[in-house]
Every structure is written in structure tokens, then in C-alpha cells.
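Engineer: the sequence isn't on hand, but the structure is:
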């Protein structure tokens, strides 16, 4: 079973390095989700590229996504649920709050172009992708998820805490984890704690998949 890491807006795949160093799983892949080579930059084009990757995979996947990566995790699951055995969703939004997205885009516009060079894409592409997500809403699909789900949020990430709690209520068999003293980028702020959660998620998902049983209540919520 492979863990596929999907980073958030403003990050690159290196953002996962400190977390990955402490994982028990060796079958791992990190992707740079966004690049300047992408045509017609937008959420659907990112999802389409990842879908091609998903179709090629022979091993079942646990998708670990932060922010944008978590939303892409939703999208890929609903496109190919048979390919995904587990989800670790960090700072997830299953219904994009338009005001929050507009504020984020405003901040992006104020930031210097050099900031975006480390993400592998341009400022305009980043704003275009962010804008394309404004109307995303998976509310009617959430209860279709039947694989183990771990929901993670920094306890200082006030913008995403409400959504994380609501998602855990919509998925009563999921596991909700708040990471102390972490903001939005839990993989940067608290890689040790995040790695521990991912290890537990991976081991449980592997057990459920091997047993061929339906998802059961997950331990370790807190």
C-alpha cells in the first residue's frame, strides 16, 4: 500500500520531508501538484493530471493531503473510490468558503513574485487555481466515503477548524485530531506529531484492507 502526499497552495513537495523521515512506511510518493507547465491552470486541470496518475497505480493508495491537497483527495476519491484505501485530510474544506478564498487571493496578489518561485509555479497560476476552487462543494457526497478517514487540523488554524469538526460529524466513523501549537501548515509546524498520526492511519488502513472488512470506528481521536 502506497502513501501519496499532496501539498497545499504555496507549498511544494519538499514541505513533507520532515514528516516523511519519521514514517514507518517505505512505499511513499510526493508530487509537485502545481507547475508552470500546466495548461489552463485550474482545480479541474490539477485533478485531471492526478487522475491519470491514479489510474496507472497498481497498489492501493492512502492519500495524505493538506488544504488544496485535501480537496484534491476528495475529488480523486469520488472519481475512483476503488483506488483509494484511506484518506488523511489536513485542514480540509469540503465546501469552499468563498470569503476565505477571496481573502487568500487578495493576499496572493500582494505577495512578491519571488515567493512563488519555490512552489514551482507563477503568481498568476496560483491565483487562477485558487479562484477556480470558489464554487467547490462536496457536501452531498461526503457520506459516500467508505474508507478510513483521519481528519487533522492545527489547534491554531481557526480558519479550518470548524470545517474539520463538521466533517468529523458527517463521518462519525472517522478520527479527528487537533495538533497542539500548529497553525495551517501542520507538516511544517509539527512534523513529528503529524508523522505519528499518519503511521496510525496507515497501519489501520492496511489492517482494514487486508481483513476485507467495512470501515470500523477509528481509535486515537483527540
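Structural biologist: Looks like it arrived, so ask away. What you see is a predicted model, and the numbers here were worked out from it, not measured in a lab. Numbers count the residues shown, from 1 in each chain.
Engineer: helices and strands of the chain: which one has the lowest mean pLDDT?
Structural biologist: In the chain, no helix or strand scores lower on mean pLDDT, DSSP states H and E than helix 113-117, which sits at a mean of 72.
Engineer: how about that helix: buried residues?
Structural biologist: residue 116 (16 or more other Cβ atoms under 10 Å). Glycine gets a C-beta too; all of them are placed from N, C-alpha and C.
Engineer: swap in stretch 200-210?
Structural biologist: 200, 201, 202, 204, 205, 206, 208, 209.
Engineer: ok so, going back, quick one: contacts of the least confident helix or strand of the chain?
Structural biologist: Contact partners of helix 113-117, identified using Cβ atoms under 8 Å, 6 or more residues apart in numbering, comprise 10, 122, 123, 126.
Engineer: tell me the least confident of the buried residues of stretch 200-210?
Structural biologist: Note: of those, the lowest pLDDT belongs to residue 209, at 65.
Engineer: how much space separates residue 75 from residue 96?
Structural biologist: Residue 75 sits at a distance of 12 Å from residue 96 (criterion: Cβ to Cβ, to the nearest Å).
Engineer: which of those two has more residues huddled nearby?
Structural biologist: Neighbours were counted for residue 75 and for residue 96 using other Cβ atoms under 10 Å; residue 75 has more, 21 against 17.
Engineer: mind checking how far the more buried one is from residue 137?
Structural biologist: Relative to residue 137, and taking Cβ to Cβ, residue 75 is found at 12 Å.
Engineer: where do the helices of this structure begin and end?
Structural biologist: 17-20, 43-56, 68-79, 98-110, 113-117, 123-132, 158-170, 186-189, 191-211 (DSSP state H).
Engineer: let's have the ones you listed in JSON lines, adding distance to residue 149.
Structural biologist: Output for the helices of the chain, formatted as JSON lines (distance: least, Cβ to Cβ, whole Å):
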{"stretch": "helix 17-20", "distance to residue 149": "18"}
{"stretch": "helix 43-56", "distance to residue 149": "18"}
{"stretch": "helix 68-79", "distance to residue 149": "9"}
{"stretch": "helix 98-110", "distance to residue 149": "22"}
{"stretch": "helix 113-117", "distance to residue 149": "31"}
{"stretch": "helix 123-132", "distance to residue 149": "25"}
{"stretch": "helix 158-170", "distance to residue 149": "8"}
{"stretch": "helix 186-189", "distance to residue 149": "16"}
{"stretch": "helix 191-211", "distance to residue 149": "9"}
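Engineer: indicate which one of those is closest to residue 2.
Structural biologist: helix 191-211 (9.8 Å; Cβ to Cβ).
Engineer: pLDDT at residue 50, what is it?
Structural biologist: With respect to pLDDT, residue 50 has a value of 94.
Engineer: same thing with residue 118?
Structural biologist: 66.
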